[in-house]
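**Q** Output the structure for:
(2 chains)
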Amino acid sequence: MYLWDTHILRHFASGHSTLREHLQRVAWAEIALPSVVVAEVVRGRADYALKATPQQSPLAHRLLLDTLHLLHTFTWLAFDQDSAAELLRLQRSVQTRKRYADAQIAAMALAGHHIVATRNQAHFVDLLPPAQLANWIDEPPR
Amino acid sequence: MEYTVILTQPAAARWRATVPALPDCSAEAPTRVEVLGKIRDRIISVARQAEVLRLQVPVAPQLMPLDAETPWRWFGAFQDDATWDTLFDQLEQQREDQALGA
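**A** Residues are numbered from 1 along each chain as shown, chains lettered A, B, ... in the order given. I've put the predicted structure just below:
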């Protein structure tokens, strides 16, 4: 499956033209959101709603619910025991500084033999082999 | 023992019988009566040599919804939402703040 990193979701809801081309070539059933990304986006929208001023609140709460509906259109992939084992292995083996959420997503891809669709390929160097990375924003389909 | 038999007639003088529970067990004959006789013999032949057991495995196949089409109505749904890009900029910053092993 293709696991979407946050930026791919960002550009899905922004209507990015290159992403549209990829989506026309890949079955929706082959795409999933890692639970890491779901958690980040829900936390961000929920924080905004809970901290909004009275003036901001109607919009903030509507956007929270709209975002939940958007997330529900995706297959969600849970960070499971195999992912945890891969993350521990990465923690022991990777020498350079890596962002924790990137490593979590990479561990899920390693555990399930998935491909991470991301715009931040540089962050996944040393975490995933090139064959398990795809940039659906800057690289059009071949 | 009873087995479910699927009978089809692909041509005027051609009957075909298959047994879903025994995927390699099938028969063809020019009449319905003949094919039923043949498939009965095949089932007996297979069943005499077969052992039936149930194996437990620790994984289940992933279920995919049949109607999973790209939800285009959501494509570009937040393009006019100024907070959408801000949200992802903040998420990016939060990722920077937490390192593997930290």
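
**Q** Need the contact partners of the longest strand along chain B.
**A** Secondary structure of chain B per DSSP state E: the longest strand is strand B:22-29. Applying Cβ atoms under 8 Å, 6 or more residues apart in numbering or on different chains, the contact partners of strand B:22-29 are B:3, B:14-19, B:35, B:37-39, B:42-43, B:46, B:50. Backbone N, C-alpha and C define where each C-beta goes, glycine included.

**Q** swap in stretch B:86-96?
**A** A:6-7, A:10, A:40-41, A:44-45, A:48, A:99-102.

**Q** hmm, 6 Å instead?
**A** A:6, A:10, A:40, A:44, A:99, A:101 (Cβ atoms under 6 Å, 6 or more residues apart in numbering or on different chains).

**Q** ok, now stretch B:9-20?
**A** Outside stretch B:9-20, the residues that touch it by Cβ under 6 Å, 6+ apart are B:3-8, B:25-30, B:32, B:35, B:39.

**Q** For chain A, which segments are assigned as strands?
**A** Listed in chain order, the strands of chain A (DSSP E) span A:2-4, A:31-34, A:75-77, A:115-117, A:133-134.

**Q** Name the nearest residue to A:A111, ignoring sequence neighbours.
**A** Nearest residue to A:A111, sequence neighbours excluded (Cβ to Cβ, 6 or more residues apart in numbering or on different chains): A:D82, at 3.7 Å.

**Q** and that neighbour, how far is that from A:W4?
**A** Per Cβ to Cβ, to the nearest Å, A:D82 is found 20 Å from A:W4.

**Q** Those two: who's more crowded?
**A** Under the criterion of other Cβ atoms under 10 Å in any protein chain shown, the comparison of A:D82 against A:W4 puts A:W4 first, with 24 against 13.

**Q** where do the strands sit along chain B?
**A** Using DSSP E, the strands assigned to chain B run over residues B:6-11, B:14-19, B:22-29.

**Q** Quick one, which of those strands gets closest to B:D85.
**A** Checking those against B:D85 by Cβ to Cβ gives strand B:22-29 as the closest, at 54.2 Å.

**Q** got the angle for the closest one vs strand B:14-19?
**A** Angle, strand B:22-29 to strand B:14-19, by axes from the mean of the first three to the mean of the last three Cα atoms, to 10 degrees: 160 degrees.

**Q** Give me the buried positions along strand B:22-29.
**A** Neighbour counts over strand B:22-29 (16 or more other Cβ atoms under 10 Å in any protein chain shown) mark B:22, B:25-27, B:29 as buried.

**Q** Make a markdown table from those residues and add pLDDT and distance to B:E92 to it.
**A** Below are the buried residues of strand B:22-29 laid out as a markdown table (pLDDT from 0 to 100; distance: Cβ to Cβ, whole Å):
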| residue | pLDDT | distance to B:E92 |
| --- | --- | --- |
| B:L22 | 88 | 57 |
| B:C25 | 91 | 59 |
| B:S26 | 93 | 59 |
| B:A27 | 96 | 65 |
| B:A29 | 96 | 69 |
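
**Q** Low-confidence bits of the chain, can you list those?
**A** Because you didn't say which chain, this covers chain A. Chain A contains no residues with pLDDT under 70.

**Q** Actually, chain B is the one I wanted.
**A** Using pLDDT under 70, the flagged stretches of chain B are B:62-67, B:102.

**Q** Please work out which residue of it is closest to chain A.
**A** B:G76 (2.6 Å; Cβ to the nearest Cβ).

**Q** Test my guess that that residue contacts A:G15.
**A** Yes - the pair B:G76 and A:G15 passes the contact test of Cβ atoms under 6 Å, sitting 2.6 Å apart.

**Q** How about the residues of chain A by chain B?
**A** Contact residues (Cβ under 6 Å from any Cβ of the partner chain) of chain A with chain B: A:6, A:10, A:13-15, A:23, A:28-29, A:40, A:44, A:70, A:73, A:91, A:97-101, A:103.
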